[in-house]
Every structure is written in structure tokens, then in C-alpha cells.
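A.B. asks: Here is my input; please provide its structure:
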Amino acid sequence: MGLYKFFVILAKIILRIFYRIQVQGQENALESGALVCSNHISAWDPIFISTFYPHPIKWMAKHELFENKFLAKILARLGAFPVQRDKNDLTAMGKAIRLAKKGDNVGIFPEGTRVKKRDKNLVKPGVGLLALKTQGLVSPITILGNYKIFSKMKIIIHPAIKVQDLVQDKDKGQEIYQEVALAIMDEIYKV
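C.D. replies: Next up is the predicted model:
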């Protein structure tokens with residue numbers, strides 16, 4: 001049993017003890033090659049999503065998490081890789097594209113950081129760029145709840161969306177990245 005599967009089993013046991021978890025739309029989860037995109041409320045989001053998404057996800061994670069060597073090794077073994085959020089990190093983008101084209105699910109939070117209230121101005125164009133470069137499917141996820149112990153948490157896995165369906169005008173240049181990113185966030189917040 002790999003480390004990822006071990007952590008999923010362990011997290012599932014722990015999370016089910018401390019939260020009332022409802023997962024909706026597991027049949028919509030994509031087996032491979034998808035961009036798994038979600039809103040981001042808490043540092044716990046990747047754990048909740050990875051635990052209840054039925055297929056492995058390799059997460060883009062803020063590079064600060066990789067500054068601790070012990071944590072960096074664990075995250076890397078779980079498939080996570082660092083991204084520098086304060087600049088255009090071409091290394092991380094290239095890795096995400098290669099992973100998705102290879103058939104791995106890649107997890108990303110389009111807002112780039114934790115956000116308590118939806119604000120379209122916070123959505124980063126990078127997710128649009130990734131979606132267009134991979135030309136794959138996007139698996140939008142909404143996570144709802146307050147993360148307080150014994151509270152209800154809801155994870156909604158929406159139907160997959162084709163990137164081509166998000167593009168209105170293919171001749172927009174780089175503006176198209178933001179347009180696609182916003183369209184992905186609109187799907188995430190459809191509840």
C-alpha cells in the first residue's frame with residue numbers, strides 16, 4: 001500500500017469521527033488527467049478533498065510548506081509539488097501540465113490562497129492557462145462547512161467540464177486565461 005492510500009484511509013477514519021461528512025457527486029470524479037479545482041477556505045481543504053475524491057490527486061502546494069525538510073519529503077511522497085504564488089512559477093506550471101498530460105489528476109485552488117468570501121478579483125489566471133495548455137477536463141469541487149469539530153462538512157464534486165466549452169473568443173490573447181479561470185470558479189460556486 002502506497003503512502004497516499006495509507007494517508008487517505010487514515011484521514012477517512014479520523015475525519016469521519018470528528019465531522020459529519022456528506023459527499024455529493026462522487027460519480028462525477030475523473031479517474032485521470034483532470035485539473036481538480038476547488039474553492040479554498042481552510043488549510044484542511046486538500047486533506048478533505050483528497051480523502052473523499054475517489055482517485056489520487058497531486059496538489060500544487062505553496063512553496064512555504066516545502067521549507068521544512070521533513071514536511072517537504074512527506075508532501076513530495078504524497079505527490080504534492082511546490083508553487084511560488086507571488087510570481088509566475090513556470091517550473092510548477094510545467095510540472096502540472098506534464099502530470100496532467102501523463103494522466104495524473106492535478107489539484108489546484110484557482111484563488112491561489114485561502115478565501116473566506118468569494119471575490120472574483122482573487123481568481124488567478126494560472127488555472128486558466130493550465131486548463132488551456134492541458135486541453136483536458138476540469139473537475140470542479142465545492143467544499144462547504146465551518147470546519148468546527150463535529151460540524152457538517154459537504155463536498156460537492158460537480159460534473160466535469162471541457163475546457164473548450166469555457167472559451168468564448170479564442171483570439172483574446174492572454175485575457176483568455178482569466179476568462180477561463182473565472183468560468184471555472186463560476187462552476188465551483190454553482191450550489
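A.B. asks: which element is the closest residue in space to Ile57 that isn't next to it in sequence on?
C.D. replies: The shortest distance from Ile57 to any non-neighbouring residue, by Cβ to Cβ, 6 or more residues apart in numbering, is to Gly107 (4.2 Å). To be clear about C-beta, it is placed using only N, CA and C from the backbone, and glycine gets the same treatment. In this structure, Gly107 is located in strand 105-108 according to DSSP states H and E.
A.B. asks: what packs against the helix or strand hosting Pro140?
C.D. replies: When secondary structure is defined by DSSP H and E, Pro140 falls within strand 137-144. Strand 137-144 sits against strand 35-38, helix 45-52, strand 152-157, strand 161-162, helix 175-188, with contacts defined as 3 or more Cβ pairs under 8 Å, 6 or more residues apart in numbering; DSSP states H and E.
A.B. asks: Can you say which of those is packed in most?
C.D. replies: For these, the largest average neighbour count (mean count of other Cβ atoms under 10 Å) is found in strand 35-38, namely a mean of 27.
A.B. asks: Mind listing the strands it pairs with, and their directions?
C.D. replies: Strand partners for strand 35-38, identified by DSSP bridges, are recorded as strand 105-108 (parallel), strand 137-144 (parallel).
A.B. asks: got a list of contacts for the last one?
C.D. replies: I take that to be strand 137-144. Contact partners of strand 137-144, identified using Cβ atoms under 8 Å, 6 or more residues apart in numbering, comprise 28-30, 33-39, 41, 45, 48-49, 53, 105, 131, 153-158, 160-163, 166, 184, 187-191.
A.B. asks: List the beta-bridge partners for Pro82.
C.D. replies: Per DSSP bridges, residues listed as beta-bridge partners of Pro82: Ala61.
A.B. asks: how many neighbours does Ile14 have?
C.D. replies: Under the neighbour criterion other Cβ atoms under 10 Å, Ile14 is assigned a count of 12.
A.B. asks: now Asn146
C.D. replies: Using other Cβ under 10 Å as the criterion, Asn146 is surrounded by 9 other residues.
A.B. asks: my read: the residue nearest to Ile57 touches His55, true?
C.D. replies: No: the pair formed by Gly107 and His55 falls short of the contact definition of Cβ atoms under 8 Å, at 11.0 Å.
A.B. asks: More neighbours: the two, which one.
C.D. replies: Each of Gly107 and His55 has its neighbours counted (other Cβ under 10 Å); Gly107 has more, 26 against 14.
A.B. asks: and the more buried one, how far is that from Ile143?
C.D. replies: 12 Å (Cβ to Cβ, to the nearest Å).
A.B. asks: Just say helix, strand or coil for Pro110.
C.D. replies: coil (DSSP: H, G, I helix; E, B strand; the rest coil).
A.B. asks: what's near enough to touch it?
C.D. replies: Residues touching Pro110, when contacts are defined by Cβ under 8 Å, 6+ apart, comprise 37, 123-124, 126-127, 181, 184-185, 188.
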